[in-house]
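*Asks:* Quick one, structure for this:
(2 chains)
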2 protein chains.
Amino acid sequence: MSIPNLEKVSSNKAFEGELSKYRFKSAALGGLNANFNLFVPADASNSNKVPVLVYLSGLTCTEDNGTQKGSFIGPAASQGIALLFPDTSPRGAGIEGEDDDWDFGTGAGFYLNATNPKWATHYNMYTHVSMELPQVLEAAGVPIDFNRQSIFGHSMGGHGALTMYLSSSTKQYRSASAFAPISNPVEAPWGKKAFTNYLQGGIEEAKGKYDATELISKHKDPVHILVDWGTGDQFYKDGQLLPENFLKAARDAGYDEVQVRVRSQPGYDHSYYFMSTFASDHIHFHANFLKA
Amino acid sequence: MSIPNLEKVSSNKAFEGELSKYRFKSAALGGLNANFNLFVPADASNSNKVPVLVYLSGLTCTEDNGTQKGSFIGPAASQGIALLFPDTSPRGAGIEGEDDDWDFGTGAGFYLNATNPKWATHYNMYTHVSMELPQVLEAAGVPIDFNRQSIFGHSMGGHGALTMYLSSSTKQYRSASAFAPISNPVEAPWGKKAFTNYLQGGIEEAKGKYDATELISKHKDPVHILVDWGTGDQFYKDGQLLPENFLKAARDAGYDEVQVRVRSQPGYDHSYYFMSTFASDHIHFHANFLKA
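*Replies:* Numbering: from 1, shown residues only, chains lettered A, B, ... in the order given. The predicted structure follows:
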């Protein structure tokens, strides 16, 4: 594999560590430039590589929302965990209809690999997040131990985190957590729209790969999953999230609340204020497994 | 005084409390609509009024930057302190030149009361923050004890916090803190531009009212002041902040480091990442006085 050059776009000191924005030409995204943010805690070095927690953001977001609004960096710094913030889609692919809707196309890559030829060259966020970014970072020599990865996300990114965790044949991630995830997208309007357009096989193709509820129902191995959702979340009320479906499928598959914890949080909504409230909880949940 | 109606624009649950955005017709700002955000912790009630900490944001910001990026709400909630986030200027005054520059006019009210007739009808952020907002909120019955106020801010808002604290004849605020404040604006390009335009008496008029370094040099009473600034801050390097001038004036006036603490933070810049790193520190500093 040839290693693309990482261009450092900006850098900020934060909680004694360093938050950097990088840009590189992404093979997975068909040669487009891709941005991501990376926080490396102060004590990381080549002789002291640190674990990494990947944060996947939701619809309309970029790599910046989680870094700016998530309140994740402080707790991660104190736990000695790196944070990787990918973007949510390719940018500037120039595909017809890509920018027509806020819930599809740009800003809405859905963390899948498109099979519809119209989208398949560029819309491969699954490979970009789970394979390309770790490879590029390891090749660049960042002081991260990629044998210790976990993943979390919000809304569409919660969907991404749960499905990447459950579908990895190599057990790439030690744990997964999500805020207000799209938990059963084959049954939700956002998911149906994405799958019908991105995938040649449509919703049927999605079931085996990109639906957390479908995946947990067939899963056999032990898992470490935490989900929080707010009862005041308008998208929950609209039937986009369906966390009860995921919970029921997990219990039916024999997972108890130690392995799959799904918490309804009274009155909280879909915003980053909700997430920041439970940010420290999620970081500490992952620290249990990343530092074991 | 007639009490303008407060319109609740939005509300988010956060850290068990409530963050709300309000809008009202501001007399201090010449009848324009003004927005602010207010965080009230969960345990506040009319029989348990809580102290309030006012956060003043910097150039180009609105009432939202501090709420979204500051990481202030978590520590304030755990301390039982309300947070008030005013805007940084009037909006839509329609004055010629108001929107020409990012460092003057809209988004850059400088927390003063304009005396130049061109600006004097609307640009009265000093009165808006220090007098009007507390009156409006008290009249609206929010569960805040306005006998326990402190104030902090960033950059232009750090200037605002220090000058409002030092110039209040009624000791309105118990303590003041600032991140990267414009500490001696009569000597800095941003300050000179603002004062020359907003004030009929220009820089000379500003010295007695709106310059923290000038004010501390003449101050007699005990103070509680904390300032953090980053040595990697480009605006510090450009001579906009001048924290050493403030520190020297404070020491020359006899204030020791218990009363005026000015900390240089190696490598930190002007961003909200810098602030979020020390957010908890500042909240706890004010808690010492607000909860005494």
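
*Asks:* The stretch 51-200 of chain A: strands as residue ranges?
*Replies:* A:82-86, A:144-154, A:173-179 (DSSP state E, counting those that start in this stretch).

*Asks:* Adding mean neighbour count and mean pLDDT, write those strands out as TSV.
*Replies:* C-beta coordinates here come from the backbone N, C-alpha and C atoms, glycine included. As requested, those are exported to TSV (neighbours: other CB atoms under 10 Å in any protein chain shown; pLDDT from 0 to 100):
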stretch	mean neighbour count	mean pLDDT
strand A:82-86	26	98
strand A:144-154	23	98
strand A:173-179	26	98
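
*Asks:* need those strands in CSV with distance to A:K69, can you?
*Replies:* Listed next are the strands of the stretch 51-200 of chain A as CSV, based on distance: least, CB to CB, whole Å:
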stretch, distance to A:K69
strand A:82-86, 11
strand A:144-154, 10
strand A:173-179, 12
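
*Asks:* So what's the model's average confidence on the helix or strand encompassing A:S217?
*Replies:* Using DSSP states H and E, A:S217 maps to helix A:212-218. Helix A:212-218 shows a mean pLDDT of 98.

*Asks:* And that helix, what does it pack against?
*Replies:* Helix A:212-218 is packed against helix A:156-167, helix A:243-252, with contacts defined by 3 or more CB pairs under 8 Å, 6 or more residues apart in numbering or on different chains; DSSP states H and E.

*Asks:* Show residues contacting it.
*Replies:* The contact list for helix A:212-218, computed with CB atoms under 8 Å, 6 or more residues apart in numbering or on different chains, reads A:159, A:162-163, A:166-167, A:181, A:183-187, A:207-209, A:223, A:242, A:245-246, A:249-250, A:252-253, A:255, A:260.

*Asks:* Any of those buried? List them.
*Replies:* Neighbour-count burial (16 or more other CB atoms under 10 Å in any protein chain shown) is assigned, among the contacts of helix A:212-218, to A:159, A:162-163, A:166-167, A:181, A:183-187, A:207, A:209, A:223, A:242, A:245-246, A:249-250, A:253, A:255, A:260.

*Asks:* B:D281: which of the strands of the stretch 51-200 of chain A is closest?
*Replies:* strand A:82-86 (21.6 Å; CB to CB).

*Asks:* Write out the residues of the stretch 101-250 of chain A neighbouring chain B.
*Replies:* Residues of the stretch 101-250 of chain A lying close to chain B by CB under 8 Å from any CB of the partner chain are A:230, A:232.

*Asks:* ok, the residue of the stretch 101-250 of chain A found nearest chain B to B:A14 distance?
*Replies:* Nearest residue of the stretch 101-250 of chain A to chain B, counting by CB to the nearest CB: A:G232, 6.5 Å away. Plainly put, A:G232 is 12 Å away from B:A14 if you go by CB to CB, to the nearest Å.

*Asks:* Send me the helix holding A:S217 as CSV with only the CA atoms.
*Replies:* Only the C-alpha atoms of helix A:212-218 are listed here, as CSV (Å, rounded to 0.1, in the frame of the first residue of the first chain):
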residue,chain,number,x,y,z
ALA,A,212,-27.4,-2.8,14.3
THR,A,213,-30.6,-4.5,15.2
GLU,A,214,-30.3,-7.1,12.5
LEU,A,215,-26.6,-7.6,13.4
ILE,A,216,-27.0,-8.1,17.1
SER,A,217,-29.8,-10.6,16.5
LYS,A,218,-27.4,-12.9,14.7
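
*Asks:* after it, next one along is what?
*Replies:* Going down the chain from helix A:212-218, the next helix or strand is strand A:225-230, by DSSP H and E.

*Asks:* Parallel or antiparallel, list what pairs with that following strand.
*Replies:* Here strand A:225-230 has these sheet partners by DSSP bridges: strand A:173-179 (parallel), strand A:260-265 (parallel).

*Asks:* TSV please, covering the ones you listed and showing distance to B:G267.
*Replies:* What follows is the strands paired with strand A:225-230, written out as TSV (distance: least, CB to CB, whole Å):
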stretch	distance to B:G267
strand A:173-179	31
strand A:260-265	37
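
*Asks:* longest single helix anywhere in chain A?
*Replies:* In chain A, with assignment by DSSP state H, the single longest helix is helix A:272-290.

*Asks:* now it: mean pLDDT?
*Replies:* Across helix A:272-290, the average pLDDT comes to 98.

*Asks:* repeat for stretch A:40-57
*Replies:* Mean pLDDT, stretch A:40-57: 97.

*Asks:* Next, the distance between the ends of stretch A:254-266.
*Replies:* Terminal residues of stretch A:254-266 are spaced 26 Å apart (CA to CA, to the nearest Å).

*Asks:* Look up how far A:V40 lies from the residue in the stretch 1-150 of chain A that chain B sits nearest to.
*Replies:* Nearest residue of the stretch 1-150 of chain A to chain B (CB to the nearest CB) works out as A:A14 at 3.9 Å. Noted for A:A14: a distance of 10 Å to A:V40, by CB to CB.

*Asks:* Identify the residue spatially nearest to A:S78, adjacent ones excluded.
*Replies:* A:F15 (7.5 Å; CB to CB, 6 or more residues apart in numbering or on different chains).

*Asks:* For the one you found, grab the count of nearby residues.
*Replies:* Residues within reach of A:F15, counting by other CB atoms under 10 Å in any protein chain shown, total 21.

*Asks:* how near is it to A:K218?
*Replies:* Noted for A:F15: a distance of 40 Å to A:K218, by CB to CB.

*Asks:* same question, A:D99
*Replies:* In terms of CB to CB, A:D99 sits 36 Å off from A:K218.

*Asks:* Between the two, which is the more surrounded one?
*Replies:* More crowded of A:D99 and A:K218, by other CB under 10 Å: A:D99, with 14 against 11.

*Asks:* Contact partners for the nearest residue to the more buried one once chain neighbours are set aside?
*Replies:* Excluding its sequence neighbours, the residue lying closest to A:D99 (CB to CB, 6+ apart) is A:T106, at 5.3 Å. A:T106 is in contact with A:89-91, A:93, A:98-99, counting by CB under 8 Å, 6+ apart.

*Asks:* A:S183 reaches A:G239, doesn't it?
*Replies:* No - the criterion here is CB atoms under 8 Å, and A:S183 misses it with A:G239 at 11.1 Å.

*Asks:* And the closest residue to A:D43 other than its chain neighbours, how close does it get to B:N147?
*Replies:* Spatial nearest neighbour of A:D43, excluding adjacent residues (CB to CB, 6+ apart): A:G80 at 5.7 Å. In this view, A:G80 and B:N147 are 43 Å apart by CB to CB.

*Asks:* Just grab the bridge partners of the residue nearest the centre of chain A for me.
*Replies:* Closest to where the C-alpha atoms of chain A average out (CA atoms, centre = their mean) is A:L56, at 2.8 Å. Judged by DSSP bridges, the bridge partners of A:L56 are A:G153.

*Asks:* what's near enough to touch it?
*Replies:* A:86, A:88, A:111, A:129, A:151-154, A:156-158, A:160-161.

*Asks:* Any figure for the gap between it and A:A108?
*Replies:* Noted for A:L56: a distance of 12 Å to A:A108, by CB to CB.

*Asks:* Kindly report the same for A:A42.
*Replies:* Distance of A:A42 to A:A108, computed by CB to CB: 35 Å.

*Asks:* These two: which has the busier surroundings?
*Replies:* Shown here are A:A42 and A:A108; by other CB under 10 Å, A:A108 has more neighbours (23 against 13).

*Asks:* That one contacts A:T60, doesn't it?
*Replies:* Yes - the pair A:A108 and A:T60 passes the contact test of CB under 8 Å, sitting 7.4 Å apart.

*Asks:* What segments of the stretch 51-200 of chain A are helices?
*Replies:* Taking DSSP state H, counting those that start in this stretch as the test, the helices found in the stretch 51-200 of chain A are A:64-69, A:73-79, A:117-120, A:125-127, A:133-139, A:156-167, A:189-198.

*Asks:* can you put those in CSV and add mean pLDDT and distance to A:H282?
*Replies:* CSV is the format used below for the helices of the stretch 51-200 of chain A (pLDDT from 0 to 100; distance: least, CB to CB, whole Å):
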stretch, mean pLDDT, distance to A:H282
helix A:64-69, 97, 11
helix A:73-79, 98, 8
helix A:117-120, 97, 31
helix A:125-127, 98, 21
helix A:133-139, 96, 20
helix A:156-167, 98, 10
helix A:189-198, 98, 22
